[in-house]
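Colleague: everything below, folded, please.
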Amino acid sequence: MRPVLSSYPVNHENRSFQSQWYQNRPWLEYSIKNDSAYCYCCRHFGESVQTKCFQSDAFTTGFNAWRRALEKDRGFDKHVKSILHITAAKNYDGYKNRLQSNTSVINLLDKSRTELIKQNRAKLMKICSTILLCARQMIALRGHVENEESRNRGNFIEILQWASSTDSLVNSILNDSNSNSTYLSPTIQNE
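Modeller: The predicted structure is shown next:
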């Protein structure tokens with residue numbers, strides 16, 4: 001949070017946070033409640049607090065040594081140059097890029113799930129059209145023995161076998177589907 005106040009609380013050294021410090025420091029945050037400055041990147045995209053050095057901890061847990069804030073090689077300057085801040089800033093930039101390009105893990109998983117649903121629907125359409133063909137022709141779906149060694153596995157399976165030679169989707173139903181989701185069992189045929 002970046003509140004801009006007309007005046008900030010003054011510490012025992014008669015010093016306070018200054019709103020102009022926000023300029024050129026997009027990572028800087030200020031907490032009115034704690035009267036402390038924080039680094040947005042390090043708090044949200046940095047490594048755990050236990051692995052950081054003392055100076056970096058200050059911008060994760062709250063920096064309020066206002067006298068040292070602008071000193072060279074201390075305060076803001078030291079924090080910005082720290083490897084931990086640089087890493088956290090890169091992590092934050094990567095996060096923003098993923099959001100803009102819509103490649104977050106959730107979106108990738110959702111896209112793959114949507115694609116799987118489309119494929120399964122297309123497979124079910126092929127299976128249903130084969131069942132409807134058998135129904136229109138008034139021929140039985142199932143044979144006496146439908147195992148792999150049987151010479152006649154029933155009209156339903158045999159028509160799908162024949163169609164698999166010219167249709168890659170039907171071929172994937174017979175050969176690439178998980179054993180628990182082929183939709184070719186007698187139970188599915190009856191349903």
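Colleague: and the helix or strand L84 falls within, what does it pack against?
Modeller: Element membership for L84, per DSSP states H and E: helix 83-101. If contacts are counted by 3 or more Cβ pairs under 8 Å, 6 or more residues apart in numbering; DSSP states H and E, helix 83-101 sits against helix 40-45, helix 54-61. The C-beta positions use only the backbone N, C-alpha and C, and glycine is treated the same way.
Colleague: the first one packs against which elements?
Modeller: It refers to helix 40-45. Counting by 3+ Cβ pairs under 8 Å, 6+ apart, helix 40-45 packs on strand 28-31, helix 54-61, helix 83-101.
Colleague: I'd like to know which of the ones you listed has the weakest mean confidence.
Modeller: Of all the helices and strands packed on helix 40-45, mean pLDDT reaches its minimum on helix 54-61 (a mean of 65).
Colleague: what's the next secondary structure element after that one?
Modeller: Sequence order places helix 75-81 as the next helix or strand after helix 54-61, per DSSP H and E.
Colleague: quick check: buried residues in that following helix?
Modeller: 75-76, 78-80 (16 or more other Cβ atoms under 10 Å).
Colleague: packing partners for that helix?
Modeller: Counting contacts by 3+ Cβ pairs under 8 Å, 6+ apart, helix 75-81 packs against helix 54-61.
Colleague: the bottom helix or strand of the protein by mean pLDDT?
Modeller: Within the chain, no helix or strand scores below helix 54-61, which has a mean of 65 by mean pLDDT, DSSP states H and E.
Colleague: ok, the buried residues of helix 75-81 vs R2, which is closest?
Modeller: F76 (14.5 Å; Cβ to Cβ).
Colleague: wait, the closest one sits on A69?
Modeller: Yes - counting by Cβ atoms under 8 Å, A69 is a contact partner of F76 at 5.8 Å.
Colleague: what's the overlap in contacts for the two?
Modeller: Both F76 and A69 are contacted by W21, under the criterion Cβ atoms under 8 Å, 6 or more residues apart in numbering.
Colleague: any idea how far K126 is from V105?
Modeller: 32 Å (Cβ to Cβ, to the nearest Å).
Colleague: out of those two, which sits in the busier spot?
Modeller: When K126 and V105 are compared for neighbours, K126 comes out ahead with 18 against 8, by other Cβ atoms under 10 Å.
Colleague: packing partners of the lengthiest helix in the chain?
Modeller: If you go by DSSP state H, the chain has its longest helix at helix 105-136. Counting contacts by 3+ Cβ pairs under 8 Å, 6+ apart, helix 105-136 packs against helix 155-164, helix 168-175.
Colleague: how close does the residue of the chain most remote from its centre sit to F156?
Modeller: Taking Cα atoms, centre = their mean as the measure, the residue most remote from the mean C-alpha position of the chain is M138, 49.5 Å away. M138 sits 13 Å away from F156, going by Cβ to Cβ.
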